[in-house]
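**Student:** Predicted coordinates and the sequence they were generated for:
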Amino acid sequence: FLTGNGFGVQESLKTKDPAITMLPYTAQLVADNWDILTTNYDSKPVCPSAKLSPDEIKSQFSASGISLAFDDVEGEHTDEEQWKKVFQTVMGMSAQTAHPLWWNQLYGRVDQMGAAAECLAMGVNTHLHIYECSAVFTQMENEIIRKMCHVIDPSWASNPDGLLVPGGSIGNLYAMLLARYQVFPDIQKKGLLAAAAPMVAFVGEQAHYSFKKNMMTMGHGLDNLYLIRTRDDGTMDPEDLENKINEAKEKKELPFFVNVTIGTTVLGAYDPIENIADICKKHSLWLHVDGAWGGSVVFAKKHRGLIKGIERGDSFVTCFHKLLSVPSQCSLFVTKHGGMLKKVHALNAQYLFFEDGQGLDNGDKTMQCSRRNDSFKLWVQWKHLGDSGLNERVCKSFELAKLFTNKILNHPSGRFRLATPLYSMNVCFWWLPKALLSTEVHQLTDEQKKELTAITRKIRKLSVEKGNVFITVTPCVGLPDFFRVVFPGSQTVDEKHLDVAIDHLVDAAGDCGIE
C-alpha cells in the first residue's frame with residue numbers, strides 16, 4: 001500500500017493521475033502524523049476542529065485550491081498537488097485521536113495492525129451479506145462470534161449467534177428486537193396492533209440514550225420505557241426494577257426486555273448483573289448486557305468481578321473501537337440463543353440468497369443488506385495481541401484512571417475534588433474556586449452549583465482553544481457539571497502525560513482568572 005504496487009503506479013507516474021498516486025501518499029501522510037503524535041505530540045493541537053467555525057473550514061478548503069461546496073461540481077480536479085493540499089488540510093483540521101492527551105470521547109488512538117487490516121478490507125471492498133462474495137470474512141465473523149461467546153462463558157459457546165454491527169446503539173436495537181420476538185413471535189406478520197397489551201421495557205436512568213431511540217424506532221414510544229432509579233453509585237436499583245415490573249403487570253402491560261449497563265457512559269458504573277438476573281428469571285424476561293464502553297472487561301481477569309453473573313444474560317454488545325482501539329466502527333452483538341437472529345429478520349430474498357449458500361449467508365439474519373467488512377480488522381488485531389494483549393490494554397486503562405485520580409487528589413494546590421468515586425475507568429472531578437473549598441458538594445446552593453458549572457465549562461473552553469488537552473464536561477443529575485476523563489486507546493499514554501494534562505488544566509484555571 002505504501003509503495004503503491006499493484007495500483008498501476010508506474011504508469012500513473014507518467015500521467016500523475018491523483019486517483020492512483022494519492023493512495024501511497026495518503027498512507028505515508030497518516031503514518032507520519034502518527035509518528036509526530038507519538039514523539040512530538042505537543043507540537044500539534046489535540047482537536048483543531050473544535051474551535052473552527054463552518055466559515056473557517058470553508059476558507060481553508062478554498063485556500064487548498066478545491067472548495068468545500070459543490071458549486072464547481074461540473075469541473076474536474078486532476079491536479080495532484082491540489083489534492084495533496086486538500087488531504088493535508090483535512091488532516092490538519094481534524095481531531096487528533098492519536099494524541100496522548102485526547103481524553104474527550106470513549107475512543108482514541110487506532111491500533112496500527114487493525115489499521116493495516118482495514119486498508120486490505122477497503123481494497124477488497126466486499127460486503128458481509130452472502131458467503132460466496134465474502135467467504136473468508138464471513139468465516140472470520142463466525143469465529144469471532146464463537147470466540148466472544150466462549151470468553152463470556154463456555155455455556156454461551158454451545159449455541160452461539162451474533163453479528164458485527166454498526167455501533168452499540170444498533171446492537172442494543174438487535175437485543176430489543178429479539179426480546180420482543182420471544183414474547184410476541186407474531187409481531188413479524190401482524191404488527192404491534194395485534195399485541196395483547198402495550199409492550200414495555202426497563203432500563204436504568206443512567207443507561208444509554210439509544211434505548212429511548214430504539215423504543216421510538218420500534219413503534220413502542222417513550223411512554224412504554226420504564227427508567228429504573230439509580231443508586232448513589234450510579235448503578236440500577238434492583239428493588240425499584242422489581243417494583244416497576246410489578247407495576248407494569250398490574251396495569252396489564254406486557255414486559256419484554258431488561259437492560260443492564262456495564263460501564264455507564266458518564267460515571268463508568270457497572271450494574272449488579274446477578275441481582276437483576278434473579279428478577280429477570282422470576283418474570284421470564286430477556287436480559288441484555290450493554291457493554292458498549294465497559295464490556296471489554298470480559299478480557300481482564302483482574303476486573304471480571306465487576307461483571308459477575310454476565311453468563312446469565314441473554315445477549316451482549318461491546319464496541320471494540322472504544323477501549324481496545326480497533327478502527328471505527330467495530331461493534332459486536334452476540335446472543336446465546338442461536339438461530340433467533342434469522343427468525344426475527346430472515347426474508348430469504350431469492351435474488352440474493354441461493355440454496356447452495358448452505359446456510360452460510362449471514363446477510364439474512366440482519367436488518368441490513370449491504371454490511372461493511374468489520375471482521376478482518378478485528379480478527380487481525382485479536383490474533384496479533386491475543387487474549388493476553390487485550391487484557392493488558394483493559395488493565396492499563398484502569399491503572400491510568402487510578403493513577404490520575406491519585407494525582408488530582410494529592411495535587412499541591414488542593415483545588416481538585418472528585419465528583420464521584422472512581423468506579424472503573426471514568427474519572428469525574430472539578431477544579432474548585434477557593435470560595436468553595438470548605439463546602440461539601442451536597443451543601444452547595446443552586447447558585448453555587450451554577451457557578452461551579454460555569455467555571456468548569458470556562459476552563460474546558462480555554463483548554464480546547466489552546467489545543468493542549470481535550471477532555472469533556474458532562475452533567476449528572478443533582479451535580480454541577482464536571483470534567484470526565486477516560487483512557488481509551490492508551491497504548492502510548494504514560495504517567496508523564498497525566499502530569500502534563502493536570503498542569504494544563506491548572507494553567508487554564510489561572511488564565512481564566514479563577515481565584
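**Tutor:** Now that the structure is in, tell me what you want to look at. Residues are numbered from 1 along each chain as shown.

**Student:** which residue is nearest the centroid of this structure?
**Tutor:** residue 322 (4.8 Å; C-alpha atoms, centre = their mean).

**Student:** Quick check, pLDDT for that residue.
**Tutor:** Listed pLDDT for residue 322 reads 96.

**Student:** wait, isn't it in contact with residue 107?
**Tutor:** Yes - in this structure residue 322 lies within contact range of residue 107 using C-beta atoms under 8 Å: 5.0 Å. For the C-beta atoms, the positions are set from N, CA and C on the backbone; glycine is no exception.

**Student:** buried residues in stretch 267-275?
**Tutor:** 267-273, 275 (16 or more other C-beta atoms under 10 Å).

**Student:** Let me know the closest of these to residue 309.
**Tutor:** Using C-beta to C-beta, residue 273 comes nearest to residue 309 of the buried residues of stretch 267-275, at 3.8 Å.

**Student:** got a list of what that closest one touches?
**Tutor:** 260, 262, 289, 307-310, 312-313 (C-beta atoms under 8 Å, 6 or more residues apart in numbering).

**Student:** so how many other residues sit close to the residue nearest to it when sequence neighbours are not counted?
**Tutor:** Ranked by C-beta to C-beta, 6 or more residues apart in numbering and with sequence neighbours excluded, the top spatial neighbour of residue 273 is residue 309, at 3.8 Å. Neighbourhood size, residue 309 [other C-beta atoms under 10 Å]: 17.

**Student:** shouldn't residue 309 be in contact with residue 270?
**Tutor:** No - using C-beta under 8 Å, residue 309 is not in contact with residue 270, being 10.8 Å away.

**Student:** How far does the longest helix anywhere in the chain sit from its chain's centre?
**Tutor:** Identified as the longest helix of the chain according to DSSP state H is helix 375-409. Centre-to-centre, helix 375-409 and its host chain are 15 Å apart (C-alpha atoms, centre = their mean, to the nearest Å).

**Student:** The helix or strand following that helix: which residues count as buried?
**Tutor:** Per DSSP states H and E, the first helix or strand lying C-terminal to helix 375-409 is strand 416-418. Going by neighbour count (16+ other C-beta under 10 Å), the buried part of strand 416-418 is 416-417.

**Student:** which helices and strands sit right next to strand 416-418?
**Tutor:** helix 375-409, strand 427-431 (3 or more C-beta pairs under 8 Å, 6 or more residues apart in numbering; DSSP states H and E).

**Student:** Which residues does it contact?
**Tutor:** Here strand 416-418 makes contact (C-beta under 8 Å, 6+ apart) with 405, 408-409, 427-432, 441.

**Student:** Please indicate which of those residues are buried?
**Tutor:** Buried by 16+ other C-beta under 10 Å: 405, 408, 427-432, 441, out of the contacts of strand 416-418.

**Student:** Save those as CSV, and put in distance to residue 242 too.
**Tutor:** Output for the buried ones among the contacts of strand 416-418, formatted as CSV (distance: C-beta to C-beta, whole Å):
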residue, distance to residue 242
405, 34
408, 38
427, 33
428, 29
429, 34
430, 35
431, 41
432, 39
441, 31
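
**Student:** tell me the contacts of residue 242?
**Tutor:** Shown in contact with residue 242 (C-beta under 8 Å, 6+ apart): residue 279.

**Student:** Quickly find the element holding it.
**Tutor:** Per DSSP H and E: helix 238-250 holds residue 242.

**Student:** in that helix, what counts as buried?
**Tutor:** 238, 240-242, 244-245, 248.

**Student:** what do you get for stretch 186-198?
**Tutor:** 187, 195.

**Student:** Now the terminal residues of that stretch, how far apart.
**Tutor:** Taking C-alpha to C-alpha, to the nearest Å, stretch 186-198 runs 15 Å from one end to the other.

**Student:** Which residues does it contact?
**Tutor:** With C-beta under 8 Å, 6+ apart, stretch 186-198 has contacts from 180-181, 184, 199, 219-220, 224, 252-254, 344.

**Student:** what's the answer for stretch 203-215, then?
**Tutor:** Looking at what lies outside stretch 203-215 - C-beta under 8 Å, 6+ apart - the contacts are 168-169, 172-173, 176, 201, 221-222, 224-230, 234-236, 258-261, 264-267, 269, 271, 290, 292, 477.

**Student:** if we can go back for a sec, mind checking how far the residue nearest to the centre of the chain is from residue 339?
**Tutor:** Distance, residue 322 to residue 339, using C-beta to C-beta, to the nearest Å: 29 Å.

**Student:** Moving C-terminal from the worst-scoring helix or strand of the chain on mean pLDDT, which element do we reach first?
**Tutor:** When the helices and strands of the chain are scored by mean pLDDT, DSSP states H and E, helix 9-15 comes last with a mean of 51. Downstream of helix 9-15, the first helix or strand assigned by DSSP H and E is helix 18-39.

**Student:** Against which helices or strands is that following helix packed?
**Tutor:** Partner elements for helix 18-39 (3+ C-beta pairs under 8 Å, 6+ apart): helix 9-15, helix 80-93, helix 112-124.

**Student:** switch the cut-off to 7 Å
**Tutor:** helix 9-15, helix 80-93 (3 or more C-beta pairs under 7 Å, 6 or more residues apart in numbering; DSSP states H and E).

**Student:** Could you measure from residue 258 over to residue 277?
**Tutor:** Residue 258 is 9 Å from residue 277, by C-beta to C-beta.

**Student:** out of the two, which sits in the busier spot?
**Tutor:** residue 258 (26 against 23).

**Student:** per-residue confidence at that one?
**Tutor:** 98.

**Student:** circling back: using TSV, please lay out the contacts of residue 273 together with distance to residue 379 and secondary structure.
**Tutor:** As requested, the contacts of residue 273 are exported to TSV (distance: C-beta to C-beta, whole Å; DSSP: H, G, I helix; E, B strand; the rest coil):
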residue	distance to residue 379	secondary structure
260	28	strand
262	24	strand
289	23	strand
307	24	helix
308	29	coil
309	29	coil
310	23	helix
312	28	helix
313	24	coil
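
**Student:** The residues you listed: which two are farthest apart?
**Tutor:** 262 and 312 (12.9 Å).

**Student:** more neighbours, the two?
**Tutor:** Just comparing residue 262 and residue 312: by other C-beta under 10 Å the higher neighbour count belongs to residue 262, 27 against 19.

**Student:** The more buried one and residue 119, how far apart?
**Tutor:** From residue 262 to residue 119 the distance is 32 Å (C-beta to C-beta).

**Student:** what ranges of this protein fall below the confidence cut-off?
**Tutor:** For the chain, the stretches with pLDDT under 70 are 1-16, 72-76, 349-358.

**Student:** Am I right that residue 71 is in a strand?
**Tutor:** No - assessed with DSSP: H, G, I helix; E, B strand; the rest coil, residue 71 is coil; it does not lie in a strand.

**Student:** Can you point out the buried residues in stretch 431-450?
**Tutor:** Under the neighbour-count criterion of 16+ other C-beta under 10 Å, stretch 431-450 has 431-432, 436, 441, 444, 448-449 buried.

**Student:** wait, residue 333 sits on residue 172?
**Tutor:** No - with contact defined as C-beta atoms under 7 Å, residue 333 does not count as touching residue 172 (8.4 Å).

**Student:** Please identify every residue contacting each of those two.
**Tutor:** residue 317 (C-beta atoms under 7 Å, 6 or more residues apart in numbering).

**Student:** if I pick residue 114, what's in contact with it?
**Tutor:** Counting by C-beta under 7 Å, 6+ apart, residue 114 touches 325-327, 377, 380-381.

**Student:** Kindly recompute the last result at 6 Å.
**Tutor:** For residue 114, the contacting residues are 326-327, 377, 381, by C-beta atoms under 6 Å, 6 or more residues apart in numbering.

**Student:** re earlier: what touches both of residue 258 and residue 277?
**Tutor:** The contact lists of residue 258 and residue 277 share residue 287, where a contact means C-beta under 6 Å, 6+ apart.
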